[in-house]
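J.: sequence below, structure please.
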Amino acid sequence: MKPMTFIIVLALAIGVVYFFKINNKDIAARKDAKPVMATVTKLRCEQRLKGDKSLVTLSYQGKTYSIFTTEKKCSLMKLNTETKAFYSNKYDKLFLEL
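T.: Model prediction:
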């Protein structure tokens, strides 16, 4: 096997393992999450390009969490209001939906 082919195969294998590790942590955090009320501190709803996502920044227990969402969900939120979110204490992650 050529060295370049070996490097490419090794990089792909590491990428797949890394993806599944992060995905499993995210699934576990969502299962652990409890419903809470978080305050909307920043909204960026406009999407200039097709692949853009809207950004919502939420504040919970003195920390800020940035969450990417769709433009439709972002436009339903108002600045400085409370919204229902889900918080995983074990993984310190905040989600808008499970």
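J.: mind listing the strands for this protein?
T.: 34-44, 54-60, 63-69, 82-88, 93-95 (DSSP state E).
J.: show the average pLDDT along the shortest one.
T.: Looking at strand 93-95 alone, the average pLDDT works out to 90.
J.: list the pairing partners of that strand within its sheet, with orientation.
T.: Note on strand 93-95: by DSSP bridges, its sheet partners are strand 82-88 (antiparallel).
J.: can you point out the buried residues in the partner strand?
T.: Using 16 or more other CB atoms under 10 Å as the test for burial, strand 82-88 gives 85-88. Where C-beta positions appear, they are placed from N, C-alpha and C, glycine not excepted.
J.: returning to that earlier point: Throw the strands of the chain into CSV and include distance to residue 9, thanks.
T.: Shown next, in CSV, are the strands of the chain (distance: least, CB to CB, whole Å):
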stretch, distance to residue 9
strand 34-44, 40
strand 54-60, 36
strand 63-69, 32
strand 82-88, 35
strand 93-95, 33
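J.: for residue 26, which of these is the nearest?
T.: Proximity of the strands of the chain to residue 26 was assessed by CB to CB; the nearest stretch is strand 93-95, lying at 7.9 Å.
J.: now residue 34: how far from residue 56?
T.: In this view, residue 34 and residue 56 are 19 Å apart by CB to CB, to the nearest Å.
J.: which of these two has more neighbours?
T.: Using other CB atoms under 10 Å as the criterion, residue 34 and residue 56 rank with residue 56 on top: 23 against 9.
J.: relative to strand 82-88, how tilted is the longest helix seen in the chain?
T.: For the chain, the longest helix by residue count, based on DSSP state H, is helix 3-32. On the basis of axes from the mean of the first three to the mean of the last three CA atoms, to 10 degrees, helix 3-32 is oriented at 120 degrees to strand 82-88.
J.: show the pLDDT at the residue minimising distance to the centre of the chain.
T.: Taking CA atoms, centre = their mean, the centroid of the chain lies closest to residue 67, which sits 5.2 Å from it. Predicted confidence (pLDDT) for residue 67: 91.
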